[in-house]
Structure formats: structure tokens, C-alpha cells
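1. okay, here's the prediction I keep looking at, along with the sequence it came from:
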Amino acid sequence: MQAFAKLPASVKPGVVTGQALVDLLDNAKENKYAIPGVNVVGSNSINGCMEAAKKYGGPIMVTFSKGGGQFIAGKAADNTDDKASLAGCVAAAKHVREVAKYYGVPVVLHTDHCQKAWLPWFDGLIEANEQYFEET
């Protein structure tokens with residue numbers, strides 16, 4: 001079932017970044033559709049989102065939060081300086097990067113709201129993302 005408008009040629013199955021992400025968002029605006037974003041707390045909810053996107057014609061935004069990241073790492077993990085929350089979000093993002101292409105849908109990695117007090121957590125996500133792209 002294809003529920004969305006035809007996607008731009010630059011948008012491929014898997015995690016969408018860079019110009020392809022701009023093209024996807026522009027396409028959504030031009031064709032007046034929303035891309036659902038779902039807060040996730042583990043690989044089960046991540047996979048459920050991607051499965052729904054596949055069934056109903058994706059794309060999807062997989063959304064991480066500070067608390068969700070800590071839950072993914074495990075509530076007993078040391079979260080001093082948001083270490084566990086960051087590790088959980090990074091691990092989940094790596095999971096999405098590894099499996100999203102097998103669902104055949106474009107996936108946008110996204111963060112939930114971030115209040116001012118949580119900016120160090122958000123900075124940690126940016127650093128992890130920069131490190132990922134340096135290594136790939």
C-alpha cells in the first residue's frame with residue numbers, strides 16, 4: 001500500500017540525511033502530508049515504527065528522547081552527565097542505521113523536545129553524530 005506521494009529520487013530506504021532529507025521535507029510540504037514521528041524506547045518500538053511505515057507506505061521519523069535513551073541503556077545504568085541516556089540514544093540510532101534498509105522505507109532520526117537544562121545531552125548527541133560521519 002502506498003499512502004504517500006511519490007518520493008524524490010534522492011530519498012532511498014534507510015536513514016535519510018543531507019540533501020535527501022531536505023528533498024523529503026520539501027516534498028512533504030509541497031504535497032501536503034505529514035511524516036509521522038514516534039518516540040521510541042527500545043528496538044521493539046523502533047522496529048514497530050518501521051514495520052508500520054512499510055505496511056502503510058512510509059517514510060517515518062524515529063524520535064529519541066533523553067528519558068527514552070536512558071531507558072534503552074537500562075534504568076540501572078550510571079547516568080551521571082547523561083552518559084547512559086546518550087549511550088542509549090546512540091545505540092538505538094545505530095540499530096536504525098543497521099536495519100532500516102531492510103524495511104524498505106526512508107527513516108529520519110529525530111530528537112524529541114529539548115529544554116535548556118538538557119542542552120548538554122543534545123550537545124552529546126551532536127558530537128556522537130559528527131563522530132559517526134567522520135568514521136563512515
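-> Here it is on my side, so go on. Numbers count the residues shown, from 1 in each chain.
2. just the CA atoms of stretch 116-125, as PDB, please.
-> Presented in PDB, the C-alpha positions along stretch 116-125 are these (Å, rounded to 0.1, in the frame of the first residue of the first chain):
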ATOM      1  CA  LYS A 116      17.500  24.400  28.100                       C
ATOM      2  CA  ALA A 117      18.700  22.300  31.000                       C
ATOM      3  CA  TRP A 118      19.100  19.300  28.700                       C
ATOM      4  CA  LEU A 119      21.400  21.100  26.200                       C
ATOM      5  CA  PRO A 120      24.500  19.100  27.300                       C
ATOM      6  CA  TRP A 121      22.600  15.900  26.400                       C
ATOM      7  CA  PHE A 122      21.800  17.400  23.000                       C
ATOM      8  CA  ASP A 123      25.400  18.500  22.500                       C
ATOM      9  CA  GLY A 124      26.500  14.900  23.200                       C
ATOM     10  CA  LEU A 125      24.200  13.700  20.500                       C
END
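3. grab the nearest non-local neighbour of the residue nearest the centre of the chain.
-> Central residue of the chain (CA atoms, centre = their mean): residue 109, 2.0 Å from the mean position. Counting by CB to CB, 6 or more residues apart in numbering, residue 109 lies nearest to residue 93, which is 5.5 Å off, once chain neighbours are set aside. Heads up, the C-betas are built off the backbone N, CA and C, glycines and all.
4. ok, the one you found to residue 31 distance?
-> 27 Å (CB to CB, to the nearest Å).
5. quick one, what contacts the residue nearest to residue 109?
-> Residues near residue 93 by CB atoms under 8 Å, 6 or more residues apart in numbering: 64, 109, 128, 132.
6. which parts of the helix or strand containing it are buried?
-> Per DSSP states H and E, residue 93 falls inside helix 83-103. The neighbour-count check on helix 83-103 (16 or more other CB atoms under 10 Å) flags 84-90, 92-93, 95-96, 100, 103 as buried.
7. all set, thanks.
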